[in-house]
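A.B. asks: Fold the following.
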Amino acid sequence: MSIYVASAAEACANFKQGPYSRWFHKEARADQADGNFAFQRLRHPLFQPAITPRFQMKREDKLFAIGSCFARGIEKALVGRKMEVLSAAPEFASLQTANKEVTGLGFTNKYNTFSIFNELRWALDPAAKFPRDSIAKIDDELCCDPHTNPTLRPAGFEETLRRRGIIQMVTRRVAQCRVVIITLGL
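C.D. replies: Modelled structure (predicted):
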């Protein structure tokens, strides 16, 4: 399955056709309760983004969520609806967390587009290699991978590399998915 790539002209046309694609217009009134501009909709007690979906998920779709802890919540909700979520991999359940309030899956959290891009690139691009020299020494025995969320206890170099391998193995599964959900952290 190929990734849809829009040309600049298509992206501009999609933007122009979207009734909710604008923030402001000088002739629009702020007190117009049914207005389509974001500055009007933000005045409501509950802001509701307006999106016109162009596809529907199907029960048989494979899904992958990447990003912030919100991605973990989406995974949990979709798994609860009996959807096949390849990013909610059982391999993460065996990882020992730093405290009881988090799960091994939280280890995969990414909070910005650069970290998400890096994770996908290291997993999918054979020419892109994870920079092993980025693993930081904490002391003579313990290391940490600065490209992961610190939900796991620090470990030795080999264990840190093993964890990195798990993330990359699971992230490669994104190529099997029809739906990819990306969330960003604050």
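A.B. asks: switch to C-alpha atoms for all contacts and neighbour counts from now on
C.D. replies: Noted.
A.B. asks: Distance from the chain centre to stretch 6-14, please.
C.D. replies: 24 Å (Cα atoms, centre = their mean, to the nearest Å).
A.B. asks: tell me the mean pLDDT for it?
C.D. replies: Stretch 6-14 shows a mean pLDDT of 88 in the predicted model.
A.B. asks: List the buried residues of that stretch.
C.D. replies: Residues of stretch 6-14 classed as buried: none (neighbour count, 16 or more other Cα atoms under 10 Å).
A.B. asks: Alpha carbons of it, as CSV, please.
C.D. replies: Extracted C-alpha coordinates of stretch 6-14, given in CSV (Å, rounded to 0.1, in the frame of the first residue of the first chain):
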residue,chain,number,x,y,z
ALA,A,6,-0.5,15.5,-2.5
SER,A,7,1.0,18.0,-4.9
ALA,A,8,1.2,21.6,-3.8
ALA,A,9,-1.7,22.4,-6.1
GLU,A,10,-3.9,19.5,-4.6
ALA,A,11,-3.0,20.7,-1.1
CYS,A,12,-4.0,24.3,-1.9
ALA,A,13,-7.2,23.1,-3.5
ASN,A,14,-8.1,21.0,-0.4
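A.B. asks: What ranges does this protein have for its strands?
C.D. replies: 62-66, 84-85, 136-137, 143-144, 179-182 (DSSP state E).
A.B. asks: Phe24 and Phe39 touch, don't they?
C.D. replies: Yes - using Cα atoms under 8 Å, Phe24 is in contact with Phe39, at 6.1 Å.
A.B. asks: any idea of the angle the longest helix along the chain forms with strand 62-66?
C.D. replies: Counting by DSSP state H, the longest helix found in the chain is helix 157-171. Interaxial angle, helix 157-171 versus strand 62-66 (axes from the mean of the first three to the mean of the last three Cα atoms, to 10 degrees): 130 degrees.
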